[in-house]
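Asks: Task: produce atomic coordinates for the following.
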Amino acid sequence: NNLYRAAQCRAEGDLLVGLNITRALTVKYNAQLSAGRVQSATLNMIVEREEAIKNFKPKPYYNILAKTPQFTLTWQGQHGKNINSKETAEKILQKMKGKSAVIKDISKKPKKSTSPGLYDLTELQRDANSLFGMSPKETLNIMQRLYESHKILTYPRTDSKYLTQDIVPTLSERLKTISIGPYKAAVSEILKLGIHTNKSFVDDRKVSDHHAIIPTEQRVILANLSADERKIYDLVIKRFLSVFLPPYEYLQTTVTADIAGEALTAKGREIITLGYKKLYENQSEEDDDEANENQQLPSLKKGDALAVSQISLKELETKPPARFT
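Replies: Coordinates of the predicted model:
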């Protein structure tokens, strides 16, 4: 009944909004204008967001950072680390100057992240755009060349991130084909561990016309690829290898310290096993906040007193809301 009512609502909405308002706008302005139950609401969201960006006025806010010889602590208030008033921030800073930090609490949580999975065309285009500034059309053209001319990657126009069971027997051969240069060590490890598949990337039900983008069994000669072809090929191969490697495991450590009655925290990671992340060791996309959260923390215990070498005020500005993707 509810499915029926939902369909009825949509039909009436299309008639009242789509048909009537489209006709009214076209007649009133003598132009081919259209309105719609979905399109007008979506367009309105985009227009409102654009207005918010256009009229946005940045406001300053402040963070307080305390450096010890081995890591950095960030001041934390009741409502987080951001302080809106410079005067308040400077008062807190003066209060803490010249004092040492005392460790109040240490918490460790084991965390695990698995490979993001194989590429479909959309995700590959998105990554190529954010990493290399390539347009979706450029990425597709490069993929077509790697598929048609070089014959080293599978069909690009796919909306699936999964493989079918009939591809599984060919995986060993595909891995051996890419056992060259920068990929050789990872392939050796995978073949040594044995090829293990699971529902995270092999599922017949999630493949319609074409499976995910993976390497073919054609031998590749990297020297024959252009710089851009090499970049796209590298993205696909690393994703392909990553699904066979173990997860990335680490301990997320949070240290709480006290300086002159003020609370400060530091976050860091203690890596247990790199797993699939060893493929991406040289790719760092971290901003300052992420770098602070991933810093290496020394061995600490409650009650430890640490010298503070520097306390500084970091001035930042609020940012306008982002445009929709």
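
Asks: Name the residues that touch stretch 144-163?
Replies: Applying Cβ atoms under 8 Å, 6 or more residues apart in numbering, the external contacts of stretch 144-163 come out as 117-124, 140, 143, 197, 201-203, 206-216, 218, 220, 224-225, 229, 232-233, 236. From N, CA and C alone the C-beta is placed, and that goes for glycine too.

Asks: Give the buried residues for it.
Replies: Going by neighbour count (16 or more other Cβ atoms under 10 Å), the buried part of stretch 144-163 is 145-147, 150, 152-154, 156, 158, 160-163.

Asks: Are any of the contacts of stretch 144-163 buried, and if so which?
Replies: The neighbour count (16+ other Cβ under 10 Å) marks 118-121, 123-124, 140, 143, 201-203, 207, 210-216, 220, 225, 229, 232-233, 236 as buried among the contacts of stretch 144-163.

Asks: Take those and keep only those in helices.
Replies: Of the buried ones among the contacts of stretch 144-163, the ones assigned to helices by DSSP state H are Leu121, Glu123, Leu124, Leu140, Met143, Glu229, Ile232, Tyr233, Val236.

Asks: Now compare the residues you listed and name the two farthest from each other.
Replies: Distance extremes for these: the farthest pair is Glu123 and Glu229 at 18.5 Å, using Cβ to Cβ.

Asks: Can you show me the strands along this structure?
Replies: Taking DSSP state E to define them, one finds strands in the chain at 60-67, 72-75, 101-113, 248-259, 262-273, 305-306, 310-317.

Asks: Relative to the third one, what are the paired strands and their orientations?
Replies: What that stands for is strand 101-113. Strand pairing for strand 101-113, using DSSP bridges, gives strand 248-259 (antiparallel), strand 305-306 (antiparallel).

Asks: for Leu65, which residues make a bridge with it?
Replies: Beta-bridge partners recorded for Leu65 (DSSP bridges): Thr74, Ser312.

Asks: OK, contacts around Val243?
Replies: Listed by Cβ under 8 Å, 6+ apart, the contact partners of Val243 are Ser115, Gly117, Leu118, Ser200, Phe201, Tyr276.

Asks: Which residues does stretch 22-35 contact?
Replies: For stretch 22-35, the external contacting residues (Cβ under 8 Å, 6+ apart) are Val17, Gly18, Ile21, Gly36.

Asks: Can I get those in JSON lines including pLDDT, neighbour count and distance to Val187?
Replies: Shown next, in JSON lines, are the contacts of stretch 22-35 (pLDDT from 0 to 100; neighbours: other Cβ atoms under 10 Å; distance: Cβ to Cβ, whole Å):
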{"residue": "Val17", "pLDDT": "89", "neighbour count": "17", "distance to Val187": "56"}
{"residue": "Gly18", "pLDDT": "91", "neighbour count": "17", "distance to Val187": "55"}
{"residue": "Ile21", "pLDDT": "93", "neighbour count": "16", "distance to Val187": "59"}
{"residue": "Gly36", "pLDDT": "92", "neighbour count": "16", "distance to Val187": "51"}
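
Asks: residues contacting Thr114?
Replies: For Thr114, the contact set (Cβ under 8 Å, 6+ apart) comprises Ser200, Pro247, Tyr248, Tyr276.

Asks: Mind checking which of the residues you listed are buried?
Replies: Neighbour counting by 16+ other Cβ under 10 Å classes Tyr248, Tyr276 among the contacts of Thr114 as buried.

Asks: right, and out of the buried residues of stretch 144-163, which lies closest to Lys104?
Replies: Comparing these against Lys104 with Cβ to Cβ places Lys161 closest, at 44.5 Å.

Asks: Report the separation between the closest one and Tyr147.
Replies: 17 Å (Cβ to Cβ, to the nearest Å).

Asks: follow-up on the earlier one: can you put the strands of the chain in TSV and add mean pLDDT and distance to Arg10?
Replies: Below are those laid out as TSV (pLDDT from 0 to 100; distance: least, Cβ to Cβ, whole Å):
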stretch	mean pLDDT	distance to Arg10
strand 60-67	95	44
strand 72-75	95	49
strand 101-113	93	40
strand 248-259	93	44
strand 262-273	91	47
strand 305-306	92	62
strand 310-317	94	43
